[in-house]
Each structure stands twice: as structure tokens, then as C-alpha cells.
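Trainee: this is the structure alone, sequence omitted:
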């Protein structure tokens, strides 16, 4: 990959010494160095000589949902099961609003990517016969505190991969529904980046911090989903006109009280059932899908049968020791809490509660509307992991699988373009016996200097796009004072969403009237962000994180308003329409067109292959 350099375009965009502006040209830009992004880079590096750039807001060794580790792989095809079994389970859990093609293609790769992780150094627990130790029907146990460093190290040792840590990508460069790159800034240095690419993969996370969290003040960031994930990847696509799906399928996690530690480790690890304060096992009454487990807990609390627990009292000393060790791999605060109290789960049941709602495509189906290849409705823009919609219950291995699928699709796209370019000048591509290109060809659409070649009309339009983004950075950094901070506006946003858009304080329920009030208030807060100031690059990051969250809130409210039913209790608890309605057995998609957000209802995809057919996908 070419070294960073100043071009004529950069000189035009230099902002009077406010920020140093750099341009990078690459074949593939991967936005987000989490699970999906890292594995996509690995796949591309192994299968091609394409130049690959990962732009990561933090550092890939400890970024994304795996930053703190994990103690199980929750999506695995255990002995006697099939990928179709997994797809059927996920479809049932989501009341049918899933993409069969996405679930099946991901599930078919679960075991392959798991074996690869083990080869890279991940410790997977095995029994006396050398078989993986399962935890339930679809999970296997691991020692995963260092799972992200293992994955990151493999990426850093790969050929043709450059990692740009601590760079926040804010905007895509899109012309005529085709992506040409992105713009971002360093969170530590006074630098801005214009990155031009043949293809872009959005592999950022979902959105946390939209709602008022369980814990106040200093502990407000002790939440289930990483607090540094703000939905930025969604927002880039939303602003560019990409079609998004299922934002109304929020995710509310059932967690251990106060620590917000995962409950599956206990429920599946020792078979603990949910009980109320009177000892009644209520999960049989409300159901055992993901949303029903939360729903039962909320209802029992509302009825006064609280607190609710996972019944662990009476488990063996060995089981208790296993639980203490398991939480050290992903949420050590739970183990510390038991130690500090002097009472472990064998002596005392574990109190549980629901978290605030999140928007995340790894557990529910929120995200970009993609085809089977994981391409979005913007040509050349792909999505994988939490930011890709339609494929819930994907977890770690699903993110890895989607990273691999997207990478292979990008490679096929660029090789096809390369072949077409060669054919145009009557230069046949070298083929192997399978009819595939034997060796990667020259960079697609590149000039003699290796720079990305863009036609003049698009070049001018993209130059203006990049200039507008850089001007926004400069304006915020040039402000000397502001009547409020990003943190103050964020707290107001969380209060609005909590009270009017179905947060913890309203038992996750909402009405049309309250949603409209929330929508109006979010608009006011968005307008106020225009007056925010940043004294340094870190504060500029906070401003953009707030702007991203507000945009996700707007999209979420729009989706909640338009699904006039209650399909998933708690995830979407619509008090105006408390029952399921077969009329809404469809995907609720949206996009911004001509400055206005519009609804697109899509029929359930039953086929194993789906390609975009709407006008925006070309």
C-alpha cells in the first residue's frame, strides 16, 4: 500500500493549519477493526494481493465486542445438529422476521471459522475424548479472555494489510449510489483522512447509549453492550441513502443485577431457571425465547413478585467454581461481587434485571439491508457483523462468518471488474483450470501511479463531499465556547428516549403519542449539536458520537412508529397495538431519499439466495 501522501486534492482541502489532511488510496477499506472487520482482512489477505486498510476508532487488539473477552462461542453446530437447525432456531426466536439466506450461509461457516480460531491460538475446552465441551445445544466453552488479541495479532502479521488505529470514520464518499471511500479524523492527532477505495466494508458495531442506562453517574457505562459503540456505521449508510432494516427489533438483554453480567453463562452452564421472589418458576408461563425471558421478568416485577432470580442456590461447589472462573473470561466484576459479598451462587440465587434497549444486528436483526453476498444497496459497500441486518443470533462466529463472506464477495467483485477492464483492452485474464483468475491482476481503475481512478464528474462531486466534511471538523474545532457540552446533550437524549421511546422507566413500553414527542425532542437536540465546540480531537470524537446516536434515535423512532403491532415483547412493546398482526409479517425497511425518510415493506425472503432488485441497488 502506498505511503501517506499529500495530493492536489488534499492541498485544496487543507484547512488553514487547523488539521493536517492526508489521502490514502487502497483497494479495500474496512471500517471497524472488531470481529468481522479483522476476519474480513484475514480472508482477503489469504486469498489475494489486494491492498487492505482497516480504520479503527480504538486499537484492534482491544476493540469491539470482544474487547473484554468471552467465555463461550454461542453459535456453533454441535454434534447431531445442522446449519438448518440453527437457522430454524433463530427464525423461531425472532418470530419469523429473519433472512433465511443470511442465517444459513452464516451457520454453514460457524464450525469452519471456529477451527480457524483454534489454529490461531484460541483455547477451546475439550472433554476426555478430545471433543469440544458444549454448553447447551448450540454453544461450546472456551477460555476467551484473549480472543481479540489473538485475532488482532493474526491481522497484524498478514500481508497487504495496513491498520490505522485511533481514526474515527464519519462519512462515506458516495456518488450515484456507489461508494468511493470515506472521510475521518484521528482521535489523538490533528489530522483528517480522505480514504479512496474500490470497495468498502462497514464492520462497525451497533448502538449503545441511546437510552438511560441501569446504573447512574460514574457507573453509567457499566452496561451490556460496549459504550463506545454509537451506531456510526449505521449512520454513514443512513446519510448516504442506504436501505436499513428492522431497527424496531431492539435488543434488551437479561443480565445479572448491578454488574450487568451475562446470564446465559449461569442459565446454560448450570441449568438455572428463572424464578420470582416467591419461588415461582415463571419462564414456563411466559415462554423461553430471548424476548420472552425478559418479558416474563418485567411482568413479574410489575406485578410485585420481585426481585426475580436465576435459581442457583444448591448447585455444587464444583459448579460454583466453574462459574467464578467463567466470568473471569468476560465479566470479572461478577466474580469480584461474589467474592466481596462472601456469598457465592451456591448459597444465594442471582438477582436479574433487563438492560436499557440497544440497536444491534448481532442479537436481533437491525442493520443494513444486504443481499446474500452482504452487499448493501449502495454499490461496492458491504456490511458484516453487528452492523449487518436480517441475521440475528449470529454472535462471535456469525460475525467471523459474515466477515469471510463479505471479503470473498468483495474479491469476486474486484476480480470481475478487473477482468472486464482487461477485456475492454483485449488483454485476456490468466485463468486456472477452474476458470478463475490464477493471480490477482492490477488494481481496478488505477492509474500508472497506483492511485484510484475516478471519472472527472464524480471526482468533482466527491471533492466537494470531502470538503464539506472537513469544513464541519474545522468549524467545531474553531468554536471557542458553547452553552453546553456533548455529555449534557447526551444525558438529555437518554432521558427523552427512556421516558418517551420505551426505556426502563416505562417497562420498555411506548405509545404513538410518546414516540412523536420523542421525535420532536430528538430534532431539537440535533439542532443544538450545531453549537457544540471541541477543544481537541478527543472532544471532536464526543461530538460525533452524540450526532451518530441522535441519528440512530431518529431512525429507531421512525421504525417503532411504523410497526403497528407487538411482535417481540419488550423489544417492541407497543401499547397502542399490544398484539401481533399478520399484516406486518414483513421486513420494515427505511431509507432517506430526497432528504426525507421513507418506509419500504419487504416480503419475507424464503429463498437461499437474494440479490437486490430495488432501483437504489442499480
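Mentor: Perfect, thanks for sending it. All figures in this text were calculated on a predicted structure; none of them were measured in a lab.

Trainee: list phi and psi for residue 386.
Mentor: Backbone torsions of residue 386, given as degrees, to the nearest 10, read phi -60, psi -20.

Trainee: list the contacts for the closest residue to residue 286 other than its chain neighbours?
Mentor: Counting by CB to CB, 6 or more residues apart in numbering, the nearest residue to residue 286 once its immediate chain neighbours are dropped is residue 296, at 3.3 Å. Just so you know, the C-beta spots here come from the backbone N, C-alpha and C atoms, and that holds for glycine as well. For residue 296, the set of contacting residues under the criterion of CB atoms under 8 Å, 6 or more residues apart in numbering consists of 274, 282, 283, 285, 286, 287.

Trainee: can you do 10 Å?
Mentor: With contacts defined as CB atoms under 10 Å, 6 or more residues apart in numbering, residue 296 is in contact with 254, 274, 276, 282-288, 308, 569-570.

Trainee: now swap in residue 603 and tell me
Mentor: Contact partners of residue 603, counting by CB under 10 Å, 6+ apart, are 585, 586, 587.

Trainee: cutoff 6 Å now
Mentor: Contact analysis of residue 603 by CB atoms under 6 Å, 6 or more residues apart in numbering lists residue 586.

Trainee: measure it to residue 244 for me?
Mentor: Separation of residue 603 from residue 244 (CB to CB, to the nearest Å): 17 Å.

Trainee: same deal with residue 118?
Mentor: On the measure of CB to CB, residue 118 and residue 244 end up 35 Å apart.

Trainee: more neighbours: which of those two?
Mentor: Set side by side, residue 118 and residue 244 give different neighbour counts by other CB atoms under 10 Å, the larger being at residue 244 (27 against 14).

Trainee: next, that one: phi, psi?
Mentor: The phi/psi pair for residue 244 (degrees, to the nearest 10) reads phi -120, psi 160.

Trainee: can you give me the pLDDT of it?
Mentor: Per-residue confidence at residue 244 stands at 98 (pLDDT).

Trainee: what do you get for residue 264?
Mentor: The predicted local distance difference test score for residue 264 is 88.

Trainee: now it. Nearest residue, chain neighbours left out?
Mentor: For residue 264, the closest residue by CB to CB, 6+ apart turns out to be residue 74, at 7.1 Å.

Trainee: cool, and residue 28?
Mentor: Leaving out its chain neighbours, the residue that sits closest to residue 28 by CB to CB, 6+ apart is residue 52, at 4.9 Å.

Trainee: and the pLDDT at the one you found?
Mentor: In the prediction, the pLDDT value recorded for residue 52 is 98.

Trainee: what's the neighbour count on it?
Mentor: Counted by other CB under 10 Å, the residues lying close to residue 52 total 29.

Trainee: you'd agree it is up against residue 161?
Mentor: Yes - under the criterion of CB atoms under 6 Å, residue 52 lies in contact with residue 161, with a separation of 4.7 Å.

Trainee: show me the common contact partners of these two, please.
Mentor: Any residue near both residue 52 and residue 161 by CB under 6 Å, 6+ apart counts here, and that gives residue 41.

Trainee: run a quick neighbour tally on residue 63.
Mentor: With neighbours defined by other CB under 10 Å, the count for residue 63 comes to 25.

Trainee: dihedrals phi and psi, the residue nearest to residue 28?
Mentor: Dihedral angles (degrees, to the nearest 10) for residue 52: phi -130, psi 130.

Trainee: heads up, I number from 17, so please use that
Mentor: Right, with 17 as the first residue, what we last looked at is residue 68.

Trainee: low-confidence ranges, the chain, go.
Mentor: For the chain, applying pLDDT under 70 flags the ranges 17-33, 440-473, 630-634.

Trainee: could you redo the last one with a cut-off of 80?
Mentor: Judged by pLDDT under 80, the chain has its weakly predicted residues at 17-33, 234, 436-474, 629-634.

Trainee: any idea which helix is longest in it?
Mentor: Secondary structure assigned by DSSP state H gives helix 411-440 as the longest helix of the chain.
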